[in-house]
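Engineer: After the sequence you'll find the predicted model.
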Amino acid sequence: MNRRLLILTAGFGEGHNAAARALAQAWDEREGEGAAVVADPFAEAYPVGNAVLRRAYLGAINRLPWAWRWLYGWMDRSRLLPGLLGRLPRETRVLRRLLELHQPLAVVSTFPGHNFTLRQLAGRGVPVPPRFTVVTDSISLNSLWWTGGSAAWFVPNEDSAAVLLRAGVPGTEVDVTGFPVPPIFARLGDGLAPPDLAAGGRPRVLMMIHSGRRGAEATARLLLQETGWDLTFAVGRDEGLRRRLTALAADRTGVAVLGWTREIPRLLLTHHVVVSKAGGATTQEALAAGCPMIVSQIVPGQEEGNYELLRRHGIGALATEPSAVLAALREAFARDGDGWARWRAGAAGLRRPHAAAEILDRVETRVRGGAAVEASR
């Protein structure tokens, strides 16, 4: 039997790509290097248009959130969009070529749009192996996640499973597995932890700055005033911001300013709190590390559910202004970290560092059990 796995993603939100990479890494570790094929059919089919849409998406979520909220709602309600997604000619050709070239054991999509095209291909008689959907959002799920059909859906938590069940997806097709994070979370998770606050350990705060930078430098200035805390700033590929924060921290000990880094799992496991926007990947990786989160920005639509998940389980706080971030952290670390300990306990119930391996186990089980080659829904 061919052990190749085709994993489909898209560049609209880092959660899709992060989940795809984690699944690919776990499958390659299981089956050998190159057994997982990760593809972004939109980017391959429409490279120029895809790049323009990605820039427009980032601009909308950071500068015109009201416009993105309206568009997200329209996509959720639209009866026109599902038909359009299944009839993009170049994407259809790309997906057909990928299926013929790799003849995969199964197709796993971390982005719902590809399911419509796969369903159309199956309707034309193209052999489509069992296809599965990894849901990368929580609670505020767009209907596109389920209307394209799937042999099964793997969701990050019970709260999100309830949304699919209310939408009419059979319970036998919904598996609560957690969000797929890199295997390193499972390998390091038992051996790394932040200092014990109750025993006098210094609080460690990680601030991750993504595409939304509103208030980032003002927040950094306030954090740097707390000389009893150790601080790490991760700014990605924004070299200008890295230089400015480095200058701000020049006279302060216990501070690290990082650009792009592969050390995010280790940082989340060894810091008490992460300050960041409520992106799907960041939120779920923080949960996998048991690291409570101060949410500094919420993209309307999909990220609202990520924060709602934290709120329901008493993990962290919402603080969209620099002064509110500082106040939330001070309260968490007060009284030997009593507030932080409650946040940490809430995160423990959602911690699933082995999710990628569990999803792959269930894919294999369903394929062996004769999962439908093409779901008709």
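Structural biologist: Cool, got the structure. Numbering: from 1, shown residues only.

Engineer: what is the mean pLDDT for stretch 310-323?
Structural biologist: Mean pLDDT, computed over stretch 310-323, is 95.

Engineer: which parts of that stretch are buried?
Structural biologist: 310, 313, 315-319, 322 (16 or more other Cβ atoms under 10 Å). All C-beta atoms are positioned from the backbone trio N, CA, C, and that covers glycine.

Engineer: One more: stretch 266-279?
Structural biologist: Neighbour count says stretch 266-279 has 267-279 buried, by 16+ other Cβ under 10 Å.

Engineer: Which parts of the protein are strands?
Structural biologist: 5-8, 36-39, 106-109, 131-134, 152-155, 174-176, 204-208, 230-234, 255-258, 273-277, 293-297, 317-318 (DSSP state E).

Engineer: will you turn these into a markdown table that also has distance to residue 334?
Structural biologist: What follows is the strands of the chain, written out as a markdown table (distance: least, Cβ to Cβ, whole Å):
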| stretch | distance to residue 334 |
| --- | --- |
| strand 5-8 | 44 |
| strand 36-39 | 45 |
| strand 106-109 | 44 |
| strand 131-134 | 39 |
| strand 152-155 | 36 |
| strand 174-176 | 35 |
| strand 204-208 | 14 |
| strand 230-234 | 17 |
| strand 255-258 | 22 |
| strand 273-277 | 13 |
| strand 293-297 | 15 |
| strand 317-318 | 13 |
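
Engineer: Residue 195 is nearest to which of the ones you listed?
Structural biologist: strand 204-208 (6.8 Å; Cβ to Cβ).

Engineer: Which residues does that closest one contact?
Structural biologist: 194-195, 216, 219-220, 223, 229-234, 264, 267-268, 270-276, 282, 291, 329 (Cβ atoms under 8 Å, 6 or more residues apart in numbering).

Engineer: With stretch 254-270 instead?
Structural biologist: So stretch 254-270 is contacted by 181-182, 184-185, 188-189, 192-194, 202, 204, 206, 208, 224, 227, 229-239, 242, 245-246, 249, 274, 285-286, 288-291 (Cβ under 8 Å, 6+ apart).

Engineer: mind exporting it as CSV, just the C-alpha atoms?
Structural biologist: Once non-C-alpha atoms are left out, stretch 254-270 reads as follows in CSV (Å, rounded to 0.1, in the frame of the first residue of the first chain):
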residue,chain,number,x,y,z
GLY,A,254,17.0,39.5,31.9
VAL,A,255,15.7,40.5,28.4
ALA,A,256,16.1,38.7,25.1
VAL,A,257,14.9,40.2,21.8
LEU,A,258,14.7,37.5,19.1
GLY,A,259,13.9,37.7,15.4
TRP,A,260,12.6,34.6,13.5
THR,A,261,13.3,31.6,15.6
ARG,A,262,12.7,27.8,15.8
GLU,A,263,12.7,28.0,19.6
ILE,A,264,9.0,28.9,20.1
PRO,A,265,8.1,25.5,21.6
ARG,A,266,10.9,25.7,24.1
LEU,A,267,10.0,29.3,24.9
LEU,A,268,6.4,28.5,25.5
LEU,A,269,7.3,25.6,27.8
THR,A,270,9.7,27.7,29.9
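
Engineer: and it, which residues are buried?
Structural biologist: 255, 257-258, 264-265, 267-270.

Engineer: Tell me, how many residues neighbour residue 42?
Structural biologist: 25 (other Cβ atoms under 10 Å).

Engineer: how near is the closest residue to it other than its chain neighbours to residue 306?
Structural biologist: Among residues not flanking residue 42 along the chain, residue 50 sits closest, at 5.0 Å (Cβ to Cβ, 6 or more residues apart in numbering). For residue 50, the distance to residue 306 equals 24 Å [Cβ to Cβ, to the nearest Å].

Engineer: okay, those two: which has more neighbours?
Structural biologist: For residue 50 versus residue 306, neighbours defined as other Cβ under 10 Å are more numerous around residue 306 (29 against 19).

Engineer: Pretty sure residue 156 is one of the things that one touches, is it not?
Structural biologist: No. Residue 306 lies out of contact with residue 156 (Cβ atoms under 8 Å); the separation is 9.4 Å.

Engineer: Neighbours of residue 146, how many?
Structural biologist: 22.

Engineer: Equivalent analysis for residue 101, please.
Structural biologist: 11.

Engineer: mind listing what's buried in stretch 230-249?
Structural biologist: 230-235, 238, 241-242, 244-246, 248-249.

Engineer: pLDDT weak spots in the stretch 1-150 of the chain?
Structural biologist: Along the stretch 1-150 of the chain, segments meeting pLDDT under 70 span 1-2, 62.

Engineer: quick one, helices of it?
Structural biologist: 14-31, 41-45, 47-63, 65-77, 81-85, 89-102, 113-123, 144-147 (DSSP state H, counting those that start in this stretch).
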